[in-house]
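K.L.:
Predicted structure and sequence below. I'll ask about it afterward.
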Amino acid sequence: MRGHIRPRGKNSWAVIVRIQDPLTGKTKPKWHTVRGSYKDAEKELTRILREIDTNIYVEPKKTTLSEYLRKWLKRQERNLAPNTLRGYRTNLEKHVIPYIGEVPLSKLKPAHVDDLFHETLAGTDLSNKTLLYVFRTLHKALEDAVKREEIFRNPAANVERPKPEDVEIRVLENPEEIGILVQALGDSILLLPGMVMLSTGLRRGEALGLRWRDVDLDKRIMRVSKQLQLVPQTRKLELTQVKTKSSKRPLQISKLTAQLLKIREMEQNEERRLVGSGWSNKDGLVFTWPDGSRINPSWFTKEFHGKVCNTLLKGLTPHGLRHSLATLLLANNQNMKLVQEQLRHSNISITSDTYSHLLPAMQEQLANCIDSCMERFMETILDMKKSVALAKSVSN
């Protein structure tokens with residue numbers, strides 16, 4: 001007999017099947033508990049036998065979802081950037097494990113995941129964008145469990161994903177607003193890195209992790225290979241690799257950007273002279289505190305917010321400077337492909353999707369351009385049509 005059913009208690013059944021041990025080749029019994037009617041137990045027996053016959057059966061383990069997720073996070077430490085790992089850990093520890101962490105991994109069903117996102121978490125003050133981020137993290141973790149053959153199907157695969165609301169990012173839209181930003185930052189430690197971020201599209205961590213060895217001021221070339229991040233394991237600011245290969249592409253910088261960096265070079269040389277032996281900048285960072293120490297990216301964002309919150313630029317963030325550059329370039333008819341290269345996106349679809357709200361205005365500009373190119377020929381075309389019409393009227 002390949003499988004049978006035994007009663008275990010009221011509305012509880014033991015479904016017992018025999019499976020082959022891959023090491024010894026011998027068969028051994030495997031028990032599955034089913035709660036419900038005898039008919040439910042029969043359905044479960046049929047399902048298990050079908051999985052055994054088609055070689056997709058995965059022997060259930062007692063590992064809970066929380067145990068699996070924490071082991072999964074540990075494995076990710078060698079592959080993920082610190083900020084990404086921190087985000088994954090927050091997503092799972094705060095928003096998944098407290099609610100469904102005790103469910104055995106082998107018994108996790110789409111219903112558990114669906115209820116978590118569309119009932120439990122939907123009733124909290126989490127934004128839809130955050131819910132989607134949490135969902136993607138859980139989906140990725142469970143997909144890895146499938147690859148490791150710890151489960152056969154991903155329970156999150158067929159669950160409807162949270163839909164993020166459209167959030168309008170505050171950007172600088174014209175030179176006048178750039179002037180307001182310069183006045184807001186004043187002669188603070190934020191001014192030069194902020195303006196370099198605006199003129200290059202560097203991310204916050206990339207700007208604060210920029211090294212002099214990455215910059216050729218004569219050729220006006222910048223190579224972004226590092227970013228400054230707070231590493232969770234050490235709780236220290238460390239230089240880590242940038243996210244993707246596309247982020248490392250050489251970047252041609254403008255003359256203005258080169259001038260800003262030359263000003264910073266002179267400023268830093270003076271800081272080094274004044275501090276003397278207390279100077280500490282072993283990595284050769286471009287943007288540092290006056291004593292050469294690293295600038296915490298989180299502090300940078302908080303201080304930036306404080307500078308602009310009482311101006312017309314309220315809502316602008318350091319990352320908004322990157323979006324501002326793209327907005328200004330596209331509004332001035334720059335090619336989408338060139339903007340992609342400037343932002344170092346891995347493909348143009350990311351750029352076009354991110355700035356799709358600018359496309360209607362760009363299309364109107366394109367239509368106006370077509371008009372201006374063809375306008376001088378319209379009179380000739382109309383004269384030709386008038387002649388044809390006149391000729392037809394005479395012949396009739």
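P.N.:
Perfect, thanks for sending it.
K.L.:
contacts, neighbours, all on C-alpha from now
P.N.:
OK.
K.L.:
any weak-confidence spans in the stretch 101-250 of the chain?
P.N.:
Low-confidence segments of the stretch 101-250 of the chain, defined by pLDDT under 70: 164-168, 232-234, 243-248.
K.L.:
give me the element Asp115 is part of.
P.N.:
Using DSSP states H and E, the element containing Asp115 is helix 110-115.
K.L.:
how far is that helix from where the chain is centred?
P.N.:
Relative to its chain's centre, helix 110-115 lies at 24 Å (C-alpha atoms, centre = their mean, to the nearest Å).
K.L.:
Then stretch 215-223?
P.N.:
Here stretch 215-223 is found 28 Å from its chain centre; the criterion is C-alpha atoms, centre = their mean.
K.L.:
which residues are contacting that stretch?
P.N.:
214, 248-255, 258, 261-262 (C-alpha atoms under 8 Å, 6 or more residues apart in numbering).
K.L.:
possible to save those residues as JSON lines with neighbour count?
P.N.:
Formatted as JSON lines, these follow (neighbours: other C-alpha atoms under 10 Å):
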{"residue": "Asp214", "neighbour count": "17"}
{"residue": "Lys248", "neighbour count": "16"}
{"residue": "Arg249", "neighbour count": "17"}
{"residue": "Pro250", "neighbour count": "17"}
{"residue": "Leu251", "neighbour count": "18"}
{"residue": "Gln252", "neighbour count": "16"}
{"residue": "Ile253", "neighbour count": "19"}
{"residue": "Ser254", "neighbour count": "13"}
{"residue": "Lys255", "neighbour count": "12"}
{"residue": "Ala258", "neighbour count": "20"}
{"residue": "Leu261", "neighbour count": "20"}
{"residue": "Lys262", "neighbour count": "13"}
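K.L.:
ok, so of those residues, who is nearest Glu119?
P.N.:
Distance to Glu119 across these (C-alpha to C-alpha) is lowest for Lys248, with 42.1 Å.
K.L.:
Could I get the full set of strands for the stretch 201-350 of the chain?
P.N.:
For the stretch 201-350 of the chain, applying DSSP state E, counting those that start in this stretch gives strands covering 215-216, 221-222, 226-231, 236-241, 251-252.
K.L.:
Strand partners (parallel or antiparallel) of the first one?
P.N.:
When sheet partners are counted by DSSP bridges, strand 215-216 sits next to strand 221-222 (antiparallel).
K.L.:
Same question for the third one.
P.N.:
If you go by DSSP bridges, strand 226-231 pairs up with strand 236-241 (antiparallel).
K.L.:
what does the last one give?
P.N.:
Based on DSSP bridges, the strands next to strand 251-252 in the sheet, each with its direction, are strand 221-222 (antiparallel).
K.L.:
Which pLDDT value goes with Ile56?
P.N.:
For Ile56, the model assigns a pLDDT of 62.
K.L.:
again, but for Gly278
P.N.:
Gly278 is assigned 90 on the pLDDT scale.
K.L.:
what separates Asn296 from Val196, distance-wise?
P.N.:
As defined by C-alpha to C-alpha, to the nearest Å, Asn296 lies at a distance of 17 Å from Val196.
K.L.:
An error on my part: the question was meant for Arg249.
P.N.:
Arg249 sits 17 Å away from Val196, going by C-alpha to C-alpha.
K.L.:
One more: Ala81?
P.N.:
Applying C-alpha to C-alpha to Ala81 and Val196 gives a distance of 23 Å.
K.L.:
Ok, Asn83 next?
P.N.:
Separation of Asn83 from Val196 (C-alpha to C-alpha): 22 Å.
K.L.:
Tell me which of these two has more neighbours.
P.N.:
Val196 (20 against 13; other C-alpha atoms under 10 Å).
K.L.:
Find the nearest non-adjacent residue to the more buried one, please.
P.N.:
Thr257 (6.1 Å; C-alpha to C-alpha, 6 or more residues apart in numbering).
K.L.:
residue contacts, that neighbour?
P.N.:
With C-alpha under 8 Å, 6+ apart, Thr257 has these contacts: 196, 199-200.
K.L.:
What does the pLDDT read for it?
P.N.:
88.
K.L.:
now do the one 4 residues further on
P.N.:
In this model, Leu261 is scored at 92, pLDDT.
K.L.:
OK, contacts around it?
P.N.:
Shown in contact with Leu261 (C-alpha under 8 Å, 6+ apart): 192, 196, 217.
K.L.:
these two touch, right, Ile97 and Ser66?
P.N.:
Yes: the pair Ile97 / Ser66 is scored as a contact, 5.5 Å apart, by C-alpha atoms under 8 Å.
K.L.:
Who has more neighbours out of the two?
P.N.:
Neighbour count, other C-alpha under 10 Å: between Ile97 and Ser66, Ser66 has more, with 21 against 18.
K.L.:
related to what we said a few turns ago, just the buried residues of the helix holding Asp115, please?
P.N.:
Judged by neighbour count using 16 or more other C-alpha atoms under 10 Å, the buried positions of helix 110-115 are 110, 112-114.
K.L.:
starting at the chain centroid, how far to whichever helix or strand comes after that helix?
P.N.:
Note on helix 110-115: by DSSP H and E, the next helix or strand toward the C-terminus is helix 128-147. Offset of helix 128-147 from its chain centre (C-alpha atoms, centre = their mean): 13 Å.
K.L.:
I'd like the next helix or strand past helix 128-147.
P.N.:
Next along from helix 128-147, by DSSP H and E: helix 175-185.
K.L.:
Could you name the helices and strands sitting against that next one?
P.N.:
Under the contact definition 3 or more C-alpha pairs under 8 Å, 6 or more residues apart in numbering; DSSP states H and E, helix 175-185 sits against helix 297-308.
K.L.:
What are the contacting residues of stretch 9-23?
P.N.:
By C-alpha under 8 Å, 6+ apart, the residues outside stretch 9-23 that reach it are 2-8, 26-38, 41, 44-45, 49, 52.
K.L.:
could you give me the average pLDDT of that stretch?
P.N.:
77.
K.L.:
Brilliant, that's me finished.
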